[in-house]
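1. Sharing a sequence plus its predicted fold:
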Amino acid sequence: MQTALVVAALVASAATTSTGPATPSAEAAGTMQPRRSTASGVYTEAQAKRGEAAYQRVCSGCHSNDMYGDGFAVPLAGSEFFARWSKLSVADLMATRTAMPLDGEKLSPEVYADIIAYVLKFNKLPPGSTELRATASDLQDIVIEPPKAKP
């Protein structure tokens, strides 16, 4: 059972290599809509707080408390995170949830959205006034970008 879970995680990770995620973005699908950026505040502080609690409970065992991973799990913070995910949509990031957590626990889409909000906060992306929604159509319109440099 543990081997099957590891294989599932590797498949999900391979689907998001430098060639891009398995889930097509709006650009690839030819349905361009105005896109928002993670640098413009796409989650709330309250949502990130819920996400932190969920992350600590189900994600930190592999991705570690500092989000730099355990050597097997990919980093969710810093330059490695942005090198992997910049210019992709939050929906692309959300698509990786199908293989996690490895223990087989099923989380609701809302809990995954909360965890992503925490990941964005941890990466110093600003909060906004509305929560990050858990629907693919909403997440597809949000592009992942590093925080804007302060002058």
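-> On my side now, so go ahead. Numbers count the residues shown, from 1 in each chain.

2. So residue 39 versus residue 127, what's the distance?
-> According to Cβ to Cβ, to the nearest Å, residue 39 and residue 127 sit 12 Å apart. Where you see a C-beta, it was placed from the backbone N, CA and C, and this is true even at glycine.

3. brain fart, residue 136
-> 22 Å.

4. So which of these two has more stuff around it?
-> A direct count of neighbours by other Cβ atoms under 10 Å for residue 136 and residue 127 places residue 127 higher, at 18 against 15.

5. What is the neighbour count of the nearest residue to residue 65 once chain neighbours are set aside?
-> Leaving aside its chain neighbours, residue 65 sits nearest to residue 56 (7.4 Å; criterion: Cβ to Cβ, 6 or more residues apart in numbering). Number of residues near residue 56 (other Cβ under 10 Å) recorded here: 13.

6. Which element is encountered next along the chain beyond the helix or strand hosting residue 56?
-> According to DSSP states H and E, residue 56 maps onto helix 45-58. Later in the chain than helix 45-58, the nearest helix or strand by DSSP H and E is helix 60-63.

7. and that next one, which residues are buried?
-> 62, 63 (16 or more other Cβ atoms under 10 Å).

8. Same check on stretch 40-54?
-> 42, 43, 44, 47, 48, 50, 51, 52, 54.

9. same check, this time on stretch 74-84
-> Taking 16+ other Cβ under 10 Å as the criterion, stretch 74-84 shows 74, 75, 76, 77, 81, 82, 84 as buried.

10. ok, so of these, who is nearest residue 61?
-> residue 76 (13.0 Å; Cβ to Cβ).
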